[in-house]
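**Student:** Show me how the following folds:
(2 chains)
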Amino acid sequence: VDGRVLIPADQFVIKVHSRCDLACDHCYVYESIDQSWRGRPMAIPSDVVSQTAMRIAEHVKAHELGRAEIVLHGGEPLLAGVAGLRAVLVQLERALGGLCRLDVKVHTNGVLLNEEFCELFDEHGVGVGISLDGDRSANDRHRNYRDGRSSYDAVIRAIRLLSSDRFRHLYSGVLAAIDVANDPIRVYESLLELAPPRLDLLLPHATWDAPPPRTAGTGTEYADWLIPIFDRWHADGFPVRIRTFDSIIATLAGGDTRTEALGLAPVRMVVVETDGSYEQADSLKVAYDGAPSTGLDVFTHSLDSVLDHPGIATRQHGIADLSATCQECPVVGSCGGGMYAHRYKSGSGFDNPSVYCADLLKLISHIGERLPHVARSVSHTVSDDALAELAGGMGGASAIAQLTQAQRSLGRGLLTAVYQAGIAAPAVDPAVRGRLRAAWQVLAVADDDSHDAVDTVLGHPYLRVWAVRCLDRLGRAGGAEHHDDESLAADLGHLGAIAAAVAIRGQARALLTVPLVEGAVHLPGLGRLVVAPGDAAQAVFEVDADWVRVRLGADTWRLSRPRMLAGEALTAEPCLAEGVPGAADSGLEPEWEPVRVLTAPGIGVALEDTDPYRDCYQWPVAPRLTDEQFAEWQRGFAIAWREIQTHHPAYAPALAAGLTTLMPLAAGSDGSDVSAAARHGFGAIGAALPADPVTLALLLMHEFQHVKLGAVLDLYDLFDPDDKRLFHAPWRKDPRPLEGLLQGTYAHLAVSEFWRVRAGLGEYDEAEAAERYEHWRAHTAAAIETLANSGSLTPLGMRFAGQMRISITGREGIN
Amino acid sequence: MADLRDIPLAEMPALGLDVLGRTIGRVLPDSSTNPVPVAAFQSSI
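**Tutor:** From the prediction side, this is the model:
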């Protein structure tokens, strides 16, 4: 608009009822200077809802938004009644259902919440946030009925209902307004007892004209109230998301805020009142009468018109919109001038720091000092030389090491994300959350005491497969939707298995619950304990320096920790719970099946045939190998490695540095060779053992190209991911997407090199090798040109393709 | 991709999914862990 970029809205706060059944004396809607609610309809009329839905749909289409967030708000939205809210939800879904993902939440004081409302919210996937200021005495300071009665019992009843198995997935969080007269730790503990997935601690709305109560006279009463909670939250291991703290930490780490109260992110929110008028953030009601007004409404104006309103447009330019004082402040990136309404002062309007400026400076500085590692985070890069080597199809140990370092960050990030999402997802059972916390505690301590053990376990290739699966499932269950509790619990429970593997490797004491999958307990990278098929869902692992004790029902067995680490196959010894040898009631004799290691000079590779998350390839996995089958793999691998070292020495260092795992796939039914690499399985190759070890050498070289390129693509954009065209790949009948073509081309650099060398060895297959070399060289060269001419490679992608071209065309003839 | 190797695991949860999304978002392109920056509405009722 007029040369400015219009930032579309994707959050729509709809006031479905303009009155409230409580009379909280700190309420900004009814108790502040703006009294516009008096002239508005109580319940939102149907025509306002349909027109609002149409405007949002129009906006979503115009800006191609993938997601719209709707907050049903008030007053008290539940006063609209079940039928009234159902009508609103149906109209919104009708208008927006096919256009984008619709996230709907309702924010309520909770006193009217009952099963009927919850069933409605369950039916429509509506998350529920509840307001509560802390324990009874804290809450009753302000949140009371008009006749002075406490709302506390009714709100607690509502939270208990939301915490029940039936409706837990709807529970979005609790919002508490700060009163510095309350004890901060008591408020924190009382709210934590209610196990909210998220917590908001809000500074009471205030301006320079109407400043907040400050009885202590320090000028930083609100920071002094929040800091003890932050310190306790930190010491507790961040047991709940607290939005204020999350936003400060995120911005200190160079990320973005998640609240309009902090940070420099643009405003993308529009409020629709019950009469259809558009408003800016309704917190502005505390500034002056009519402050939130835009003069626009859903009947006459599009949402684009609202975003062009000076009051909103002026909040979309980050630091440039702030006062001179704020612009010079060292914590402006985290504070962002605070909440817009809190900057107001008669005369200078909003061109001021927040009335909480001193509090925000003190709180942000404190958090930065407490989390110095977070504030210093840097980015991964791969050196130009290493990238050029990789692009040419090779890459030595150093290049692979750089890719591996980035994968370590990815592993740590994914592990944390699963933990975070798991304990925050309302749909996850509290017992499962408890097991996640116990596992995390072991991992966090081990990260300090035995960092190498954590590194080794997190380097397991299928950990990422597991994490992505969990996050995908939690993402889908993260909204207010039902899901398969049992299998999600088993997936999340694998964090216990990861922690157990770390404890065993790091000689740490630990007590952990680990899921049973198909009658076995799986410890990533170590092996599996095959108990028996049965109904048991989990076992308890107790790890100490010498023994790993496993309790399943009434039975306890023990395994020698050093022998497990040595990779020995073991039969678990029955023992009493205290570790004294004894008989198992069930008579079962669980077998420990270790992950075995293929060895050859200069390389050791795990033959992974136990991990429950290894089935991530387009081919079926092979079952656990017998000792004879393992011996065949060992013979084939040793010969294949000698072939690579002798005839393809340029490929050996990368393989030795980066190939950690071979995963046996089921043999092809037609006798064809089967091998694969997976984007989420860095360091691993899946293959059926070919009859000829020379073929295994080729498969290793081919598939490791995919492993390398996948890790490069984790770091860099080489092509436009939005280009959905399909391209001719000379080696396939079906056209391929750009990434598939790039992956195939990169892999065939190694394949053509393999045949070029092979054709010069004077072996039995000399003629066939020469023919194959010409075949693959021509195909690879043609595919490089298709990539280069696609118009969709990034500048770095063009450089990458250029190196591939040099590699394929610059090769000498057959040796 | 943010380098998370030197951040103790004990402190990692403090980052929240928003910051982690800068690292893991590349492997989870459709994930809610990779959100668009936005000053989200903060309810106050």
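**Student:** what helices or strands is the host helix or strand of A:T646 leaning on?
**Tutor:** Under the assignment given by DSSP states H and E, the secondary-structure element containing A:T646 is helix A:627-647. Other helices and strands packing on helix A:627-647, by 3 or more Cβ pairs under 8 Å, 6 or more residues apart in numbering or on different chains; DSSP states H and E, are strand A:596-600, strand A:603-607, helix A:652-658, strand A:661-664, helix A:693-715. (Glycine included, C-beta is placed from N, CA and C.)
**Student:** Columns mean pLDDT on top of those, output as CSV?
**Tutor:** Rendered in CSV, the data for the helices and strands packed on helix A:627-647 read as follows (pLDDT from 0 to 100):
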stretch, mean pLDDT
strand A:596-600, 98
strand A:603-607, 97
helix A:652-658, 96
strand A:661-664, 98
helix A:693-715, 96
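**Student:** right, and these - which one's nearest A:T207?
**Tutor:** Between A:T207 and the helices and strands packed on helix A:627-647, the shortest separation by Cβ to Cβ is 46.7 Å, and it involves helix A:693-715.
**Student:** Now the closest one: buried residues?
**Tutor:** Neighbour counts over helix A:693-715 (16 or more other Cβ atoms under 10 Å in any protein chain shown) mark A:693-715 as buried.
**Student:** Just say helix, strand or coil for A:A650.
**Tutor:** For A:A650, the assignment made with DSSP: H, G, I helix; E, B strand; the rest coil gives coil.
**Student:** What distance do you get for the nearest residue to it once chain neighbours are set aside to A:Q803?
**Tutor:** The shortest distance from A:A650 to any non-neighbouring residue, by Cβ to Cβ, 6 or more residues apart in numbering or on different chains, is to A:M394 (5.4 Å). Computed with Cβ to Cβ, to the nearest Å, the distance linking A:M394 and A:Q803 is 10 Å.
**Student:** A:W440 now?
**Tutor:** Relative to A:Q803, A:W440 is positioned 42 Å away (criterion: Cβ to Cβ).
**Student:** what number of residues lie near the closest residue to A:E542 other than its chain neighbours?
**Tutor:** Using Cβ to Cβ, 6+ apart and skipping the chain neighbours, the partner closest in space to A:E542 is A:R549 (4.3 Å). As a burial measure, the neighbour count of A:R549 was computed by other Cβ atoms under 10 Å in any protein chain shown and equals 21.
**Student:** How about A:E93?
**Tutor:** By other Cβ under 10 Å, neighbour count at A:E93 equals 15.
**Student:** Who are the contact partners of it?
**Tutor:** Shown in contact with A:E93 (Cβ atoms under 8 Å, 6 or more residues apart in numbering or on different chains): A:102, A:124.
**Student:** Quick check: pLDDT value at it.
**Tutor:** We note a pLDDT of 96 for A:E93 in this prediction.
**Student:** wait, is it part of a helix?
**Tutor:** Yes: the assignment for A:E93 (three-state DSSP) places it in a helix.
**Student:** Next, find the distance separating it from A:G125.
**Tutor:** Using Cβ to Cβ, one obtains 9 Å as the distance from A:E93 to A:G125.
**Student:** Have a look at chain B and report the helix or strand with the lowest mean pLDDT.
**Tutor:** Of all helical and strand segments in chain B, the minimum by mean pLDDT, DSSP states H and E falls on helix B:16-24, at a mean of 73.
**Student:** In the stretch 151-300 of chain A, which residue sits nearest chain B?
**Tutor:** Across the stretch 151-300 of chain A, no residue is closer to chain B than A:D256, which sits at 3.6 Å (Cβ to the nearest Cβ).
**Student:** Does A:R343 touch A:V355 like I think?
**Tutor:** Yes: shown here, A:R343 and A:V355 form a contact pair, counting by Cβ atoms under 8 Å, at 7.4 Å.
**Student:** quick one: secondary structure of the residue nearest to A:E542?
**Tutor:** The local conformation at A:R549, judged by three-state DSSP, is strand.
**Student:** any weak-confidence spans in chain B?
**Tutor:** Confidence mapping of chain B against pLDDT under 70 gives the ranges B:17-19, B:29-45.
**Student:** do that again at 50, thanks
**Tutor:** Flagging of chain B using pLDDT under 50 yields the residue ranges B:31-39.
**Student:** can you map out the strands along it?
**Tutor:** Assigned by DSSP state E, the strands in chain B fall at B:2-3.
**Student:** Can you give me the pLDDT of A:H483?
**Tutor:** A:H483 is assigned a pLDDT of 52 by the prediction.
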